[in-house]
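[1] take this sequence and fold it.
(2 chains)
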2 protein chains.
Amino acid sequence: MEIVDHPREMQEVALAWRQQHQTISFVPTMGYFHEGHLSLMRYGRKQGDRLVVSLFVNPTQFGPGEDLDRYPRDPERDAALAREVGVDVLYTPTAAQMYPEGYQTYVTVEEVSRGLCGATRPGHFRGVATVVLKLFNQVLPHLAVFGEKDYQQLAVIKRMVSDLDMPVEVVGRPIVREADGLAMSSRNTYLNPKERRAALGLFKALTWAKDAAASGENQADKIVPEVIQTIKSAPHTRLDYAVLVDPDTLQSVDTVQGSARLAVAAWVGDTRLIDNMLLEVP
Amino acid sequence: MEIVDHPREMQEVALAWRQQHQTISFVPTMGYFHEGHLSLMRYGRKQGDRLVVSLFVNPTQFGPGEDLDRYPRDPERDAALAREVGVDVLYTPTAAQMYPEGYQTYVTVEEVSRGLCGATRPGHFRGVATVVLKLFNQVLPHLAVFGEKDYQQLAVIKRMVSDLDMPVEVVGRPIVREADGLAMSSRNTYLNPKERRAALGLFKALTWAKDAAASGENQADKIVPEVIQTIKSAPHTRLDYAVLVDPDTLQSVDTVQGSARLAVAAWVGDTRLIDNMLLEVP
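    As a prediction, this is how the structure comes out:
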């Protein structure tokens, strides 16, 4: 495994691979790998001749007062795990290389970025879209793999790639959960033992909703209030949102027509967690 | 010469060329070709194995009340001229293909888009940056050739390509002028004979400034007021702006340090014309 830390060098490596007709899989990450990241890497490993994983804690997607400074980092452990999975290049640019002095170009995906996390984190998805577009131009992947846990992020990127005619296929992969159901997240490390237990409220609420839908309940006004109640009743927990949305546009729906995505966010203690689940009505 | 009218087909042609290790030159245009366009095509023809010229009157770079509906068009003459120059693909997408229903992604280049034409035409450079990024993703050029007449456009695109790490070289080529000095523009066709004569005021003002700089004048407050006076005194003419700017950032300068760009815009009758010139102080 090679570690590349400069955008221009990364692009040269990618262009050389493409000259040799090799296909490139890409998994963009902010590091501090857990089984969720590794599942994306293993998928990418199988799909392409070459696998690039980027590790970049992107400052432009953090708002003022968010956790940029304390975001967990462990580059050596990350490198060891990436090597085990068979990553060809671990790409680790710095903020100064990504956003040199005079930097001034941003990509906005309008409707899909509004609501949900976009409402609570203004500017977040502009930062995400911009950095992902830059990373795609540096890594030149044929396939890019994202986790479904950041469901709105995935929808924003799919829309961007389609709108801007980027020659890359974007794939979303299932959420990986802890044994008790908590969605894996680098931010889970912020939780103390009491909060860790309380954080299960999200999964409990989503699972209840999934079962209700499977039993034939298709009305948002029956499902969502119960989900909100379940999350609110968990200790140490403050609800941000719980919404039933169209899987592509993320517009909220009144009725589950076949399937819909239930997306939730809450603070548990000081830690903001998100999760989501596919609801299917038979 | 092949005429391609669908983005996906264009991208497939470009990907196939790249698989065959052919280099691609690209000249994006809004059609109604004059010698300025043709000079860009001839340059592109020499630099790459393949030459693509796009012809697309991009609606998102026109403001309300601007000349989108009456912008001059002559696709058959354009095709004949492109064929003569040796264009491989004339790419003619429609607005419905470029901006299908649900389209919502835009690229903004912040500082360079402000001022000059950006002040008079809000949203114009957002439209330009977005369509050029899309065209680059469709045509996948190694080299893209633009005219220096749209000087701010060129600066916006260079900045965008650099900021977003796009793997393409952007080249600006000199303004082509009529025998009497008027900068060639598809919009010159709007001018009636009196306006056509009056339009020379821009060139006269720029030429005076170039000579003044060549004679050692380096103070903006000596150069710019005289330029404004010359343009304002031309008949049928209403000044938009006349500014002496840094060639890359387009920030206005007080002193010409070696060289600077003098950019002007004015309405002659109802037609908005732009022009610019490099000033060099010995």
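
[2] any idea how far A:Val253 is from A:Phe125?
    Separation of A:Phe125 from A:Val253 (Cβ to Cβ, to the nearest Å): 21 Å. The way it works is simple: take the backbone N, C-alpha and C, and place the C-beta from them, glycine included.

[3] so the nearest residue in space to A:Gly201 that is not next to it in sequence versus chain B, what's the distance?
    Nearest non-adjacent residue to A:Gly201, counting by Cβ to Cβ, 6 or more residues apart in numbering or on different chains: A:Ala234, 2.8 Å away. A:Ala234 sits 35 Å away from chain B, going by Cβ to the nearest Cβ, to the nearest Å.

[4] mind telling me what element A:Ala234 is part of?
    For A:Ala234, there is no host helix or strand (DSSP states H and E).

[5] show me what contacts it?
    A:Ala234 makes contact with A:Ala198, A:Ala199, A:Leu200, A:Gly201, A:Leu202, A:Lys204, A:Ala266, A:Val268, according to Cβ atoms under 8 Å, 6 or more residues apart in numbering or on different chains.

[6] neighbour-wise, which of A:Phe125 and A:Val253 wins?
    A:Phe125 (26 against 17; other Cβ atoms under 10 Å in any protein chain shown).

[7] mind listing what that one touches?
    A:Gln61, A:Thr108, A:Val109, A:Val112, A:Ser113, A:Cys117, A:Gly118, A:Gln152, A:Gln153, A:Val156.

[8] was I right to think the fifth one contacts A:Val156?
    The one in question is A:Ser113. Yes - taking contacts as Cβ atoms under 8 Å, A:Ser113 lies within contact range of A:Val156: 5.6 Å.

[9] run a quick neighbour tally on A:Leu182.
    19.

[10] what's near enough to touch it?
    Taking Cβ under 8 Å, 6+ apart as the test, what A:Leu182 contacts is A:Asn188, A:Arg196, A:Ala199, A:Leu200, A:Leu202, A:Phe203.

[11] next one, pLDDT for the first one please.
    In the predicted model, A:Asn188 carries a pLDDT score of 97.

[12] distance-wise, check the closest residue to it other than its chain neighbours relative to A:Lys149.
    Nearest residue to A:Asn188, sequence neighbours excluded (Cβ to Cβ, 6+ apart): A:Leu182, at 6.7 Å. The gap separating A:Leu182 from A:Lys149 is 11 Å, by Cβ to Cβ.

[13] look up how far B:Glu178 lies from A:Ser162.
    43 Å.

[14] er, A:Pro7 actually
    Taking Cβ to Cβ, one finds A:Pro7 at 43 Å from B:Glu178.

[15] do the same with A:Glu84
    Distance, A:Glu84 to B:Glu178, by Cβ to Cβ: 67 Å.

[16] ditto for A:Arg159
    For A:Arg159, the distance to B:Glu178 - Cβ to Cβ - is 45 Å.

[17] for those two, indicate the residue with more neighbours.
    A count of neighbours by other Cβ under 10 Å puts A:Arg159 above the other of A:Arg159 and B:Glu178, at 24 against 16.

[18] residues near A:Phe146, how many?
    Going by other Cβ under 10 Å, the residues that sit close to A:Phe146 add up to 21.

[19] now the one 10 residues further on
    The tally of other residues near A:Val156 (other Cβ under 10 Å) stands at 29.

[20] try A:Pro235
    11.

[21] wait, isn't it in contact with A:Ala198?
    Yes - counting by Cβ under 8 Å, A:Ala198 is a contact partner of A:Pro235 at 4.7 Å.

[22] quick one: which of the contacts of A:Phe125 sit in strands?
    A:Thr108, A:Val109 (DSSP state E).

[23] restrict the contacts of A:Phe125 to contacts with chain B.
    Contacts with chain B are made by A:Thr108, A:Val109, A:Val112 out of those, judged by Cβ under 8 Å from any Cβ of the partner chain.

[24] buried among these? Make that a ChimeraX selection.
    Buried residues within these, by 16 or more other Cβ atoms under 10 Å in any protein chain shown, are selected in ChimeraX with:
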select /A:108,109,112
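
[25] around chain B, pick out the residues from chain A.
    A:7, A:11, A:15, A:18-19, A:21, A:102-112, A:129-130, A:133-134, A:137-138, A:140, A:159-160, A:163-167, A:249.

[26] are any of those buried, and if so which?
    Here, 16+ other Cβ under 10 Å leaves A:7, A:11, A:18, A:103-109, A:111-112, A:129-130, A:133-134, A:137-138, A:140, A:159-160, A:163-167 buried among the residues of chain A next to chain B.
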